[in-house]
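Asks: Dropping the sequence and predicted coords here.
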Amino acid sequence: DGGITQSPKYLFRKEGQNVTLSCEQNLNHDAMYWYRQDPGQGLRLIYYSQIVNDFQKGDIAEGYSVSREKKESFPLTVTSAQKNPTAFYLCASSTTSSPSYEQYFGPGTRLTVT
Amino acid sequence: GNSVTQMEGPVTLSEEAFLTINCTYTATGYPSLFWYVQYPGEGLQLLLKATKADDKGSNKGFEATYRKETTSFHLEKGSVQVSDSAVYFCALSDRETSYGKLTFGQGTILTVHP
């Protein structure tokens, strides 16, 4: 089955540690995205990538980093510089050939930093 | 810039009641419009979409019509079920000005009681 996988589902870290969230897709999509979701709020875009080896900052990129070395993978690192890292993180992908660019989402990773 | 405004929630209904969740948007280009649904602890699933004015998206009994004159994309369902309880997000993708990026509303929590 085609889809997006994110691992792990739950992640716990101590303050001051960097942590990397995994996102893999087998949909052959060119574009991939990372969003952050906080309780009672919509989704906010962290980073996106439209092609391998290229990515752009979204609306809230500070304290985060990404890489796009393979089409299938778009890992997100939450660094110690991110002031409020506890949140639900969602990865998505889309084709760039469709006129509507609908995005397909993974199941999410809930990160708790104490 | 682009923005999406959803009716404030939460919305609580009895089973078989009629559902409307209002969504209005602001966009500088020609957006595609989406409704996504999120069940507790999960990622977002695409519910329906519309890519041009007067298009009607429909899926699982839900419908929404792209109204350019009122810049709206209201979600409706004639008879809700308990299993429809979830958070619903309206979103837009503006191909002209924000290549592939989704702008989300804040989400509306729907609870359906038996």
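Replies: In hand now; what should we look at? Residues are numbered from 1 along each chain as shown, chains lettered A, B, ... in the order given.
Asks: drop to CA atoms for contacts and neighbour counts, all remaining ones
Replies: Will do.
Asks: Can you tell me which residues in chain A are near chain B?
Replies: Residues of chain A lying near chain B by C-alpha under 8 Å from any C-alpha of the partner chain: A:40-44, A:90, A:94, A:96, A:99-108.
Asks: Narrow the residues you listed to those that are buried.
Replies: Neighbour-count burial (16 or more other C-alpha atoms under 10 Å in any protein chain shown) applied to the residues of chain A next to chain B gives A:42-44, A:90, A:94, A:96, A:100-108.
Asks: For B:S72, see how far away B:T20 is.
Replies: 12 Å (C-alpha to C-alpha, to the nearest Å).
Asks: Of the two, which one has the most company?
Replies: Shown here are B:T20 and B:S72; by other C-alpha atoms under 10 Å in any protein chain shown, B:S72 has more neighbours (20 against 16).
Asks: thinking again about what came up before, among the buried ones among the residues of chain A next to chain B, which lie within strands?
Replies: Among those, the members found in strands (DSSP state E) are A:L43, A:R44, A:L90, A:S94, A:Y104, A:F105.
Asks: can you pull the contacts of the closest residue to the third one other than its chain neighbours?
Replies: This means A:L90. Once flanking residues are discounted, A:L90 sits nearest to A:G108: 4.6 Å by C-alpha to C-alpha, 6 or more residues apart in numbering or on different chains. Contacts for A:G108 (C-alpha atoms under 8 Å, 6 or more residues apart in numbering or on different chains) come out as A:Q6, A:S7, A:K9, A:F88, A:Y89, A:L90, A:C91, B:E42, B:G43.
Asks: what helices or strands is the helix or strand of chain B with the lowest mean pLDDT leaning on?
Replies: For chain B, counting by mean pLDDT, DSSP states H and E, strand B:102-104 ranks last in confidence among helices and strands (a mean of 89). Applying 3 or more C-alpha pairs under 8 Å, 6 or more residues apart in numbering or on different chains; DSSP states H and E, one finds that strand B:102-104 contacts strand B:3-6, strand B:86-94.
Asks: Can you dump the C-alpha atoms of stretch A:47-64 in CSV for me?
Replies: The C-alpha trace of stretch A:47-64 is given here as CSV (Å, rounded to 0.1, in the frame of the first residue of the first chain):
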residue,chain,number,x,y,z
TYR,A,47,9.7,23.5,6.1
TYR,A,48,8.9,22.2,2.6
SER,A,49,10.8,20.6,-0.3
GLN,A,50,9.7,20.5,-3.9
ILE,A,51,12.6,18.5,-5.1
VAL,A,52,15.6,16.4,-3.9
ASN,A,53,18.4,18.5,-2.4
ASP,A,54,16.3,21.6,-2.1
PHE,A,55,14.0,22.9,0.6
GLN,A,56,12.6,26.2,1.8
LYS,A,57,11.6,27.6,5.2
GLY,A,58,8.0,27.8,6.1
ASP,A,59,6.3,30.1,8.5
ILE,A,60,7.9,28.8,11.7
ALA,A,61,11.3,27.4,10.7
GLU,A,62,13.4,28.8,13.6
GLY,A,63,14.8,26.0,15.8
TYR,A,64,14.2,23.3,13.1
